[in-house]
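Q: turn this into a model:
(one chain, ligands or ions: 1)
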Amino acid sequence: MIAFVSTPRFVEHDGGPHHPECPDRLRIIDRALRQTGLLNGVDPFPEFAHDLGDLPTFRRQLLQITPKPADRKWVSLVHRVGYIEHIESVCKAGGGLLDQGDTPVCPASLDIALLALGGVLQACDAVLTGQVRRAFAAIRPPGHHAEPDRPMGFCLFSNIAIAARYIQQQYGVERVAIVDFDVHHGNGTQAVFEADSSVFFCSIHEHPRTCYPGTGFAWEIGTGRGRGYTLNLPMDAGCGDVEYLRVIESRLVPELDEFMPEVLLLSAGFDAHVDDPLADMKVSEEGFELITRTLAAVADRHCQGRVVSMLEGGYNLRALGRSVVRHLIGLGAR
Ligand SMILES: [Zn+2]
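A: Okay, the predicted model is just below:
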């Protein structure tokens, strides 16, 4: 059984017209999962029309979990004092840009970001208590660029880093692995765990020479006690399924087998898709399924299959909806 964590409320975070991290990203995922039969019930977005083409159909449905807002105390597991208050003040003033300029918020954004984080933590609870083996949280805003002291790159809270700390604290788990296959380097997650040997972090992404945020070189391998627990796998522009799978099989899987995580967390971004407007990679929808399948097999070997996956990027709507379906198949949705 796979848990699916999401709510129509995630569309309330709105960075304004023309922003690629847009509310329709959630609508297209909802539409795709309804078309396949993975979700049922009342369609929250009946007016939203978008042609997704042929999709597989499923007989079994996902276990739907409705997020509740996270307690603010969990944010402080990773972010500095005053971090929430800074976002709150911008939201209360009617919205605006946070820090670097590519992370706009509207009045509802803080509430929605806390709801997204809450959903991620509920996904962790569902997996760690054994209710389900795997969970996918279709959330926004995303999280993997947010650093301990600054929001950036459309990201407010470092959802996956908070989730790792939460699992360690609440469930006594010692070794957590995080794999980030969003096309952009997971700089925020890396910043949290760079000096930490209890969390293995791997980011596979378009090479920082040609892609935002300009970090994630192969020589970034962690610091101090965390040296060797950060693995960056930059990929040249134009790489596709074959190159991704080769690098994952030859470089990442052996490291995960050696680390032997107790839980696997995924920063699931789908912007390495060939049709994505923000990057230059050529991964297919089937490629995302194979990547997911390969990582899920690692979890089967070491973590009793426990995987908590959460949405990061993915900006071509059709590709995003279709890729999420493939990701769920890779996690074992059928
Ligand atoms: Zn991305």
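Q: wait, Ala237 sits on Thr210?
A: Yes: between Ala237 and Thr210 there is a contact under CB atoms under 8 Å: 5.1 Å. Just so you know, the C-beta spots here come from the backbone N, C-alpha and C atoms, and that holds for glycine as well.
Q: what do the two both touch?
A: Common neighbours of Ala237 and Thr210, using CB atoms under 8 Å, 6 or more residues apart in numbering, are Asp280.
Q: residues in the stretch 101-250 of the chain within reach of the ion, list them.
A: Proximity of the stretch 101-250 of the chain to the ion (CB under 5 Å from the ion) is limited to residues 182, 184.
Q: which residues in the stretch 101-250 of the chain form strands?
A: Under the criterion DSSP state E, counting those that start in this stretch, the stretch 101-250 of the chain contains strands at 103-105, 134-137, 176-180, 199-206, 230-235.
Q: packing partners for the second one?
A: In this case it means strand 134-137. Here strand 134-137 touches strand 2-5, helix 109-128, strand 307-311, helix 317-331, going by 3 or more CB pairs under 8 Å, 6 or more residues apart in numbering; DSSP states H and E.
Q: check the gap between the closest residue to Cys91 other than its chain neighbours and the ion for me.
A: Spatial nearest neighbour of Cys91, chain neighbours left out: Leu110 (4.6 Å); criterion: CB to CB, 6 or more residues apart in numbering. Look at Leu110 and the ion: by CB to the ion, to the nearest Å, they are 22 Å apart.
Q: Leu110: neighbour count?
A: Neighbourhood size, Leu110 [other CB atoms under 10 Å]: 23.
Q: surely it touches Ser89?
A: No: in this structure Leu110 lies outside contact range of Ser89 using CB under 8 Å: 9.6 Å.
Q: residues contacting Val105?
A: Contacts of Val105 by CB under 8 Å, 6+ apart are 13, 15, 87, 90-91, 95-98, 156.
Q: and the residues you listed, which are buried?
A: Listed as buried from the contacts of Val105 are 13, 15, 87, 90-91, 95, 98, 156; burial here means 16 or more other CB atoms under 10 Å.
Q: among these, which ones are in helices?
A: Judged by DSSP state H, helices contain the following of the buried ones among the contacts of Val105: 87, 90-91.
Q: now narrow those residues to whatever sits close to the ion.
A: Counting by CB under 5 Å from the ion, no member of those is near the ion.
Q: any idea which of the residues you listed is closest to Ser323?
A: Using CB to CB, the shortest approach to Ser323 within these belongs to Ile87, at 29.1 Å.
Q: ok, the closest one to the ion distance?
A: With distances taken as CB to the ion, Ile87 is found 20 Å from the ion.
Q: please look at that residue and Leu156 and confirm they touch.
A: Yes: between Ile87 and Leu156 there is a contact under CB under 8 Å: 6.2 Å.
Q: overlap in contacts of these two?
A: Contact criterion CB under 8 Å, 6+ apart; residues shared by Ile87 and Leu156: 98, 105, 109-110, 113.
Q: pull the number of nearby residues for the residue in the stretch 101-250 of the chain that the ion sits nearest to.
A: The ion sits closest to His184 of the stretch 101-250 of the chain, with a gap of 3.7 Å, by CB to the ion. Residues lying near His184 (other CB under 10 Å) number 29.
Q: and what of Leu77?
A: Neighbours of Leu77 (other CB under 10 Å): 16.
Q: okay if I get the helices and strands packed on strand 134-137 as CSV plus mean pLDDT?
A: Shown next, in CSV, are the helices and strands packed on strand 134-137 (pLDDT from 0 to 100):
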stretch, mean pLDDT
strand 2-5, 98
helix 109-128, 98
strand 307-311, 98
helix 317-331, 98
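Q: what's the pLDDT at the closest residue to Val324 other than its chain neighbours?
A: Counting by CB to CB, 6+ apart, the nearest residue to Val324 once its immediate chain neighbours are dropped is Ile29, at 5.1 Å. Note for Ile29: predicted pLDDT of 98.
Q: phi, psi of Ile29?
A: Torsion angles at Ile29 (phi, psi; degrees, to the nearest 10) stand at phi -70, psi -40.
Q: would you confirm that it contacts Arg140?
A: No: the pair Ile29 / Arg140 is not scored as a contact, 9.7 Å apart, by CB under 8 Å.
Q: what residues do those two have in common as contacts?
A: By the contact definition CB under 8 Å, 6+ apart, Ile29 and Arg140 are jointly contacted by Leu311.
Q: ok so, going back, my guess is the residue of the stretch 101-250 of the chain closest to the ion contacts Phe270. True?
A: No: His184 is beyond contact range of Phe270, at 11.7 Å (criterion: CB under 8 Å).
Q: could you dump stretch 40-49 to CSV, C-alpha only?
A: The C-alpha coordinates for stretch 40-49 follow below in CSV (Å, rounded to 0.1, in the frame of the first residue of the first chain):
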residue,chain,number,x,y,z
ASN,A,40,-11.4,8.8,-6.6
GLY,A,41,-14.0,10.9,-4.8
VAL,A,42,-15.1,14.4,-5.7
ASP,A,43,-12.9,16.2,-8.2
PRO,A,44,-11.7,19.4,-6.5
PHE,A,45,-10.8,21.0,-9.8
PRO,A,46,-13.7,20.2,-12.2
GLU,A,47,-12.9,23.3,-14.4
PHE,A,48,-9.3,22.3,-14.9
ALA,A,49,-8.9,20.8,-18.4
